[in-house]
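> A structural model of the following input is requested.
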Amino acid sequence: MKKLMLLLSFCLVFTFFTTMDIAAEENYLDMSAAHISNDSIDLEWTNVGERYVVYRDGKQIYEGSDNHFIDDQLKPQYTYKYTVIAFDENEVKLDALSFTTSTNAEQVEASQTYYFSNNLLAKNHNQSFEVDSVTLATINSIQHDQEIKLSWTPIKNAESYIIYRNNEEIAEVNENYFYDINANTSIQNRYEIVAKTSLSKDELQQMYQVTKQLSSESNFSAIQKPYKLSSIIKIVDPFTDNVTNQKFGSYQVKLRYMTFIQDDYVANPWSLVDDIKYFGGDDRFYYPTSSSYRTKTEVNVWIDPSGSNAYLYADIGQTKGYNESFRLIETGYENTDDIELKDLQIGSNQLSFTVDHAAGNPLVTAPDIDYEYDAVVQSNGVLKITGSHDKAPNHEFYIKESGSFTYNTLFQHTIVSFEHLFPPFPDWEYTIEY
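Below you'll find the model as predicted:
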């Protein structure tokens with residue numbers, strides 16, 4: 001009798017939790033598909049409620065019973081934030097999600113269709129649609145109180161994608177989507193999707209020849225990783241279905257970019273033709289407020305309907321040269337003449353500019369530390385950056401918003417080798433959406 005009672009109790013408990021799971025599954029709101037062109041976004045979501053409300057950038061644009069809405073007359077190559085909320089017949093909120101995506105560039109005539117489900121996050125319906133560089137890629141995100149889903153434009157010839165969340169490697173995938181069921185959606189999460197693309201034999205041979213011509217101490221570290229690496233970076237804010245808490249309208253941001261040498265001393269790659277055997281480093285790791293760096297740029301951006309603008313500040317640290325006994329024998333400062341903010345364009349709904357950076361070594365003839373990025377700051381709070389940089393020295397990029405006391409990381413890229421200052425070596429390309 002006791003065994004029978006225990007069995008009945010177990011069955012009741014199992015049935016109760018199974019019923020709860022089924023109910024939760026039935027009320028789970030998710031994106032079904034998104035059809036994207038250069039001037040419209042066609043949204044479809046799972047039919048779990050009796051009424052739906054859709055917001056775009058904090059403004060209500062749809063209310064009704066259909067689980068489908070076409071948002072048209074949009075700006076090309078512009079990122080939009082959607083919030084979808086489902087209600088039952090008693091006006092009780094069942095579930096909510098946020099969806100961020102971008103319209104295609106004006107010159108892209110073909111539309112894209114992304115399908116979404118628990119088993120298949122996003123499959124590009126037009127399989128021939130892929131881009132040669134991550135700087136041309138777009139990224140979609142679906143955010144729920146339980147998980148985060150990401151999809152992106154496929155990168156041509158990419159062998160795989162390594163997924164990092166908040167600097168921690170969490171997966172490597174072959175498809176152009178990732179479903180993160182372990183994310184803490186109550187905090188800001190930074191995803192970096194690193195595309196691995198094989199280098200050709202000709203590219204490897206050119207790299208080998210340059211490395212061979214440098215210092216006899218060169219260990220050929222530059223060609224031991226025969227991949228071109230590039231990044232798609234997406235910063236996902238904490239989940240909320242309260243659209244009044246989202247950032248729209250006037251705001252200010254500061255973009256801080258620094259290059260630095262993490263060691264206290266580094267060997268001079270050109271020591272065979274120079275008395276300087278070592279250069280002084282910055283003896284640190286990543287730190288957004290450090291006062292020790294090779295170069296530093298800051299761009300202050302104001303977005304306001306009454307007037308927007310952007311200003312650049314640039315600085316270069318002291319270069320120190322040491323002999324074979326680590327005795328300081330020479331110092332110097334490079335000027336900032338080749339660091340500039342250009343192509344500033346101020347529109348009614350966005351501001352854009354380019355930062356072009358080149359800084360040489362004042363003590364020896366050597367290639368510059370090069371990087372360049374294009375930034376678009378939208379009036380709806382979205383920041384998009386595309387760019388590239390040498391794989392030497394360390395590069396770190398941060399953002400600070402008005403009213404905040406801390407910097408948020410955009411990326412932190414560690415040096416591969418100083419050979420990567422030379423042109424045959426591929427730059428690290430990236431696209432960022434914040």
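> Shouldn't W302 be within a strand?
Yes. Per DSSP: H, G, I helix; E, B strand; the rest coil, W302 lies within a strand segment.
> Give me the pLDDT for it.
The model reports W302 with a pLDDT of 93.
> ok, what's across the strand from it?
Q252, N309 (DSSP bridges).
> Also Q112?
With DSSP bridges as the criterion, Q112 is bridged to I36.
> CA atoms of the strand or helix carrying K228 as CSV?
Assigned by DSSP states H and E, K228 falls within strand 227-236. The C-alpha coordinates for strand 227-236 follow below in CSV (Å, rounded to 0.1, in the frame of the first residue of the first chain):
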residue,chain,number,x,y,z
TYR,A,227,44.2,32.2,-40.1
LYS,A,228,42.8,35.6,-40.7
LEU,A,229,40.8,36.5,-37.6
SER,A,230,38.0,39.1,-37.6
SER,A,231,35.3,40.0,-35.1
ILE,A,232,31.6,40.7,-35.0
ILE,A,233,30.8,42.3,-31.6
LYS,A,234,27.4,42.7,-30.1
ILE,A,235,26.7,44.3,-26.7
VAL,A,236,23.3,43.2,-25.4
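> Run me through the strand neighbours of it, direction for each.
In the sheet, strand 227-236 lines up with strand 189-198 (antiparallel), strand 428-433 (parallel) (DSSP bridges).
> Could you report the neighbour count for D264?
For D264, the neighbour count with other Cβ atoms under 10 Å is 12. Every C-beta, even on glycine, is put in place using the N, C-alpha and C of the backbone.
> Now do the same for it: its pLDDT.
Per-residue confidence (pLDDT) for D264: 96.
> quick one, helices of the stretch 201-350 of the chain?
Using DSSP state H, counting those that start in this stretch, the helices of the stretch 201-350 of the chain run over 201-213.
> just for it, where's the confidence low?
207-208, 210-226, 244-249, 271-273 (pLDDT under 70).
> Stretch 269-289: which residues count as buried?
269, 271, 276-282, 284, 286-288 (16 or more other Cβ atoms under 10 Å).
> of all the residues you listed, which comes closest to E169?
The closest of those to E169 turns out to be Y286 (Cβ to Cβ; 16.6 Å).
> who are the neighbours in contact with R190?
165-167, 233-236, 408-410 (Cβ atoms under 8 Å, 6 or more residues apart in numbering).
> typo on my end, it should be D95
27-29, 48-49, 85-86, 144 are the contacts of D95 under Cβ under 8 Å, 6+ apart.
> tell me the two of those that are most distant?
Top of the distance list for the contacts of D95 (Cβ to Cβ): G49 and H144, 14.9 Å.
> A86 against G64, yeah?
No. With contact defined as Cβ atoms under 8 Å, A86 does not count as touching G64 (11.8 Å).
> neighbour count winner among the two?
A direct count of neighbours by other Cβ under 10 Å for A86 and G64 places A86 higher, at 23 against 11.
> Excluding chain neighbours, give the residue nearest to the more buried one in space.
Spatial nearest neighbour of A86, chain neighbours left out: G49 (3.4 Å); criterion: Cβ to Cβ, 6 or more residues apart in numbering.
> Narrow the contacts of D95 to those that are buried.
Buried members of those, scored by 16+ other Cβ under 10 Å, are 27-29, 48-49, 85-86, 144.
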